[in-house]
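> Sequence and predicted structure below; questions after.
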Amino acid sequence: MSRHPHTPRGAGTPPRRPARRSVLTALTASAASTALLPATSARAATDHRTRADLLYVGTWGGSQVHAIRFDPVRGTMSPLGVMAEASSNWVTVHPTRPVLYVAGAEQGGFVRTFRIDDSSGTLRRTGELQTEADPGGSGGLSYLGLDADTLLVADFATGSAATVPVHRDGGLGAVASTVRHTGSGPNPRQAGPHTHHVVIAPGRRFALVADFGADRVFVHRYDPNTRRMGASSVGHYATAPGSGPRRLAFHPRGRTAYLLNELTADIETLSWDPRTGTLAPRQLLTTNAPGHTGTTSAAELAVGRDGRHVYVSNRGDNTLVVFAIDQRTGLLTEAQRLPCGGVTPWSFSLHPEGRWLFVANKASGTVDLFQVDPASGRLTATGTSVAVPDADCVGVRRTRVQLPSVHERTQDSDDT
């Protein structure tokens, strides 16, 4: 992961709202901005309304948040354009409230909150929180995650992690805890600690911090009542020197974790002891293609909601890799490898229904749509793509908004 931190233009300025005509035009865009899956064409031809979800896209090192309207029945994406002028290293959406959280690239660890208008996709800024009282280094936040009522913050530049209470309305409280680690690795990019991911373990007794620079996954006690991490780690898991731990995800059963290492592009299967907060190695697999040469860089990791597959993006090969999970042992077997639809798959997100996967391809500046087979877990490229410059992550907002039916859209066209 190459980082070129800077203070983006327009950070902290009010969001730019598109004109109503522009939003309506985007919602009813034709083949120029949407693509229809052959598998869903029969349903799309019916005269029924379908739900219109929203996708929010961060731009790594950029200063804008983009939005896309997504139809989960027809499998179409329609660009809505820029919805906020704000530094947006990472974005995440509240699972039930119309709130978007945006991580800034500037020093200070800024998180900004926006209220989502489900009908138009527009954003209204509602708050700003500085998570670093004594910022150091350059650059900013690398990850935001949500666990129940807690926002989890990773600051790559400072090697620190923070927890922030989330109110019932989705607003943020004061920073509850901040931890900062020490350590380094043999790679030139590992001169000091660089926090890349924070996750709360099942049972909510421990918080785990993947530190790219220290080649460690640090384990802290976690109090779900105060939303605080213990100031000192109670242990750690050490990866091979120069691995660069980037992402950690738990199997739904809670006794197995999967760790993705960026610099070596391998994935580890780890056992997890929820009583002691201990990780132990069980399996190591490469995510690189056979005969791979050149840049080695793994990026994103997710476990399917049914616990049967693990999904990984590889930026060196520009591929997505699907692993099948042995339901008895938790061990992995490679099941599929396919092109990511663009260049440099910085991250991806699974739709909450589990049937779609959105890939943020940074270098090609696209968000590409894949269909997920619910039985096999295999991915199918749909050919649907929306241009977003420097796309790095996708946040999904499920809405109750209904798209116009085919008949209604045809009637509107006739009226104009």
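Nice, thanks for sending it over. Numbering: from 1, shown residues only.
> which residues in the stretch 151-300 of the chain form strands?
Secondary structure of the stretch 151-300 of the chain (DSSP state E, counting those that start in this stretch): strands at 160-165, 177-180, 195-200, 206-211, 216-223, 228-229, 235-238, 245-250, 256-261, 266-273, 278-286, 298-303.
> Deepest in the core, which of the ones you listed is it.
Across those, averaging neighbours per residue (mean count of other CB atoms under 10 Å) puts strand 206-211 on top, at a mean of 28. (C-beta placed from N, C-alpha, C; glycine too.)
> what angle do it and strand 195-200 make?
Angle, strand 206-211 to strand 195-200, by axes from the mean of the first three to the mean of the last three CA atoms, to 10 degrees: 170 degrees.
> Neighbouring strands of strand 206-211 in the sheet, and parallel or not?
Strand 206-211 sits in its sheet next to strand 195-200 (antiparallel), strand 216-223 (antiparallel), going by DSSP bridges.
> Identify whichever of those lies nearest to residue 134.
Shortest distance between residue 134 and the strands paired with strand 206-211, using CB to CB, is found for strand 195-200: 15.3 Å.
> Would you mind writing the CA trace of the closest one as PDB?
Coordinates of each C-alpha in strand 195-200 appear next as PDB, following Å, rounded to 0.1, in the frame of the first residue of the first chain:
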ATOM      1  CA  THR A 195      -2.100   0.500  12.700                       C
ATOM      2  CA  HIS A 196      -4.200  -0.900   9.900                       C
ATOM      3  CA  HIS A 197      -7.300  -2.500  11.400                       C
ATOM      4  CA  VAL A 198      -9.200  -2.800  14.700                       C
ATOM      5  CA  VAL A 199     -11.800  -5.400  15.400                       C
ATOM      6  CA  ILE A 200     -13.800  -6.500  18.500                       C
END
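> related to what we said a few turns ago, now render the strands of the stretch 151-300 of the chain as JSON lines, adding distance to residue 91.
Formatted as JSON lines, the strands of the stretch 151-300 of the chain follow (distance: least, CB to CB, whole Å):
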{"stretch": "strand 160-165", "distance to residue 91": "15"}
{"stretch": "strand 177-180", "distance to residue 91": "21"}
{"stretch": "strand 195-200", "distance to residue 91": "15"}
{"stretch": "strand 206-211", "distance to residue 91": "19"}
{"stretch": "strand 216-223", "distance to residue 91": "24"}
{"stretch": "strand 228-229", "distance to residue 91": "23"}
{"stretch": "strand 235-238", "distance to residue 91": "28"}
{"stretch": "strand 245-250", "distance to residue 91": "17"}
{"stretch": "strand 256-261", "distance to residue 91": "20"}
{"stretch": "strand 266-273", "distance to residue 91": "25"}
{"stretch": "strand 278-286", "distance to residue 91": "29"}
{"stretch": "strand 298-303", "distance to residue 91": "14"}
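> Find the residue closest to residue 187 in space, skipping its chain neighbours.
What sits nearest to residue 187 in space, not counting adjacent residues and going by CB to CB, 6 or more residues apart in numbering, is residue 242, at 4.9 Å.
> CSV for the strands of the stretch 151-300 of the chain, including distance to residue 332 and mean pLDDT?
Output for the strands of the stretch 151-300 of the chain, formatted as CSV (distance: least, CB to CB, whole Å; pLDDT from 0 to 100):
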stretch, distance to residue 332, mean pLDDT
strand 160-165, 27, 97
strand 177-180, 30, 96
strand 195-200, 19, 98
strand 206-211, 18, 98
strand 216-223, 18, 98
strand 228-229, 29, 98
strand 235-238, 18, 98
strand 245-250, 12, 98
strand 256-261, 8, 98
strand 266-273, 6, 98
strand 278-286, 6, 98
strand 298-303, 11, 98
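> Give me the distance between residue 68 and residue 338.
22 Å (CB to CB, to the nearest Å).
> Which of these two has more residues huddled nearby?
Between residue 68 and residue 338, counted using other CB atoms under 10 Å, the more crowded position is residue 68 (27 against 14).
> looking at this, the more buried one is in a strand?
Yes: read with DSSP: H, G, I helix; E, B strand; the rest coil, residue 68 is one of the residues of a strand.
> My guess is it contacts residue 78. True?
Yes: in this structure residue 68 lies within contact range of residue 78 using CB atoms under 8 Å: 6.7 Å.
> shared neighbours of the two, anything?
Contact with both residue 68 and residue 78 is made by residues residue 386, according to CB atoms under 8 Å, 6 or more residues apart in numbering.
> ok, how many other residues are close to residue 323?
By other CB under 10 Å, 22 other residues sit near residue 323.
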